[in-house]
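[1] got a predicted model here, sequence first, then my questions.
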Amino acid sequence: MKKGQLGFLAGTHMVNDLYQGAIPAMLPFLMSQRHYSYAAVSGLAFAASGISSLFQPLFGALADRRPRSWLVPTGFGTAALGVMAAGLSGNYVVTWWCVALAGVGIAAFHPPATSQARAAGGSSQKAMSVFSVGGTLGGALAPTLVTLVIGAAGFAGSYLLAIPALVMAILWFLKGPWMRSRGHTAAAPLVTVSTKAGTGATGRADDWRSFARLVAVIVGWSIPYVTVTSMVSLHAQRDLDQSTAAGAAVLSTYTAAGAVGTLLGGWVGDRYGRMTSVRVGYLVALPALFGIAWAPAFPVLVLSATVFGMAMFLPFAAQVTLAQDYLPNRPGTASGLSLGLAMAAGGLCSPAFGRLADTSGLPAVFYALLAVFVVPVVMAIRLPERTRKVPDAPSPALVEAAHPHEAR
């Protein structure tokens, strides 16, 4: 395990997902200051999650052809630019396109960064959870940062939101010379080389059937996750008469609990098997989602959102590594499809849940999510395990084929 590289990649993940979390954190301000409806802000959630997720498989396929590490800084830089421009824009259509641009940047980041993190962390679930928790922490910090900036300076101060990406971009470009001066080399993801039909350099066939089942589970995971992320702050303010700061606080608590759940899931996966973290996470998340829908008072909402956030991210690292083990010869594609196309369902469904909120209120939305979530819970507990095979030392011919310049 290359801990330094893994930690640095977790840092880039934190910055990238800071902008992913900034978009739902901006929605209450957009409703109060620009008077957007639930349907309008749900359309922005679709632009962020749905459009973004549709692009991730494309970036995953590109990452499988050969390592494209430049997509990492380009991704979080584009995400920062989109969020900043969305805040400075006063027109809804322009804001929608800026949010979509941020989503494309977020999509570009995930497949290559996830593949690099898997290479740096080896087969450890804990290593992948460290990388994943970087993103979760970024999402947890986003509401506080957005509240401080927009609450103090209004949308005119949105340019301040780009500072974390600027700092991380500088660190990224300094990273290579720093590593070389200390004799370190990057943990390069495996570039697959075809050996026989259905297999690659790993010597194992891709299990598309099990992978499709996993994608279906993640689709069912993404719908309540994206919707709760977009609506829980508004729920606290509109239905429980809380302040904007209290709404931001419950969103931060919810996402911070996800960070705890991600780390806990990595530990459970290494100690008891990753399917344990998957099954426990889904079974605990179901009643917690009921608590969000039923919550008669703010403390109940905070407690339910905390448990829900932790439970939803308990299986997160396991799902990423399981996807890559179902498709061992296409790790970038596995990351792009599992983190991208599957997540698109949450964004694609956001406008429908926004209309439901406009007509029937937010509690009706959460009860509808509860009914939807039963399906992935049942499917998750029936997913098959697939143990990752650690390959033997590659032959000189394979090294030459995968890394011709390094072999020479």
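    Noted; the coordinates are in hand.
[2] pLDDT at residue 250, what is it?
    For residue 250, the pLDDT comes out at 93.
[3] and it, what element?
    helix 244-272 (DSSP states H and E).
[4] any weak-confidence spans in the stretch 301-408 of the chain?
    For the stretch 301-408 of the chain, the stretches with pLDDT under 70 are 339-344, 387-408.
[5] distance-wise, check residue 227 relative to residue 212.
    Here residue 227 is placed at a distance of 23 Å from residue 212 (C-beta to C-beta, to the nearest Å). Using the backbone N, CA and C atoms, a C-beta is placed for each residue, glycine as well.
[6] ok, these two, which is more surrounded?
    residue 227 (28 against 12; other C-beta atoms under 10 Å).
[7] where's the more buried one relative to residue 354, distance?
    From residue 227 to residue 354 the distance is 9 Å (C-beta to C-beta).
[8] what residues are shared contacts of these two?
    residue 45 (C-beta atoms under 8 Å, 6 or more residues apart in numbering).
[9] show me what the next helix-or-strand element following the helix holding residue 250 is packed against.
    Once helix 244-272 ends, the next helix or strand along the chain (criterion: DSSP H and E) is helix 274-294. Counting contacts by 3 or more C-beta pairs under 8 Å, 6 or more residues apart in numbering; DSSP states H and E, helix 274-294 is packed against helix 208-238, helix 244-272, helix 298-313, helix 316-326, helix 362-380.
[10] list the buried residues for the longest one?
    Pointing back at helix 208-238 there. Within helix 208-238, the residues scored as buried using 16 or more other C-beta atoms under 10 Å are 210-211, 213-238.
[11] same check on the second one?
    Taking 16+ other C-beta under 10 Å as the neighbour-count basis, helix 244-272 is seen to contain the buried residues 244, 246-266, 268-270.
[12] just checking, what packs against that helix?
    On a contact count with 3+ C-beta pairs under 8 Å, 6+ apart, helix 244-272 meets helix 3-34, helix 125-153, helix 208-238, helix 274-294, helix 298-313, helix 316-326.
[13] how far does it sit from its chain's centre?
    13 Å (C-alpha atoms, centre = their mean, to the nearest Å).
[14] which of the helices and strands packed on helix 244-272 is buried the deepest?
    helix 316-326 (a mean of 26; mean count of other C-beta atoms under 10 Å).
[15] continuing past it, what's the next helix or strand?
    helix 331-336.
[16] which residues does the nearest residue to residue 284 once chain neighbours are set aside contact?
    Of all residues not flanking residue 284 in the chain, residue 311 sits nearest, at 3.9 Å (C-beta to C-beta, 6 or more residues apart in numbering). By C-beta under 8 Å, 6+ apart, the contact list for residue 311 reads 261, 280, 281, 282, 284, 285, 288.
[17] can you check the pLDDT for the fifth one?
    Among the per-residue scores, residue 284 shows a pLDDT of 97.
[18] got it, and residue 202?
    Note on residue 202: pLDDT of 52.
[19] on that earlier part again, in a markdown table, list the helices and strands packed on helix 274-294 along with distance to residue 3.
    Output for the helices and strands packed on helix 274-294, formatted as a markdown table (distance: least, C-beta to C-beta, whole Å):
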| stretch | distance to residue 3 |
| --- | --- |
| helix 208-238 | 28 |
| helix 244-272 | 14 |
| helix 298-313 | 22 |
| helix 316-326 | 16 |
| helix 362-380 | 31 |
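[20] for residue 345, find the nearest of those helices.
    Among these, the nearest to residue 345 by C-beta to C-beta is helix 208-238 (4.3 Å).
[21] now do that closest one, average pLDDT.
    Averaging pLDDT along helix 208-238 gives 91.
[22] that one - contacts with which helices or strands?
    helix 3-34, helix 38-45, helix 244-272, helix 274-294, helix 298-313, helix 316-326, helix 342-360, helix 362-380.
[23] what angle sits between the longest one and helix 208-238?
    This means helix 3-34. Relative orientation of helix 3-34 versus helix 208-238 (axes from the mean of the first three to the mean of the last three C-alpha atoms, to 10 degrees): 40 degrees.
[24] for helix 3-34, packing partners?
    Using 3+ C-beta pairs under 8 Å, 6+ apart, helix 3-34 is in contact with helix 38-45, helix 71-88, helix 92-121, helix 125-153, helix 163-181, helix 208-238, helix 244-272.
[25] now the next helix or strand after the shortest one: buried residues?
    Where DSSP H and E defines the elements, the next helix or strand beyond helix 38-45 is helix 52-65. The neighbour-count check on helix 52-65 (16+ other C-beta under 10 Å) flags 52, 53, 54, 55, 56, 57, 58, 59, 60, 62, 63, 64 as buried.
[26] in space, what's closest to the first one - neighbours in sequence excluded?
    Just to be clear, that refers to residue 52. Nearest to residue 52 is residue 103, by C-beta to C-beta, 6+ apart, at 2.9 Å.
[27] mind pulling up the pLDDT for that neighbour?
    For residue 103, the pLDDT comes out at 90.
[28] what sits against it?
    By C-beta under 8 Å, 6+ apart, the residues touching residue 103 are 47, 48, 49, 50, 51, 52, 53, 55, 79, 82.
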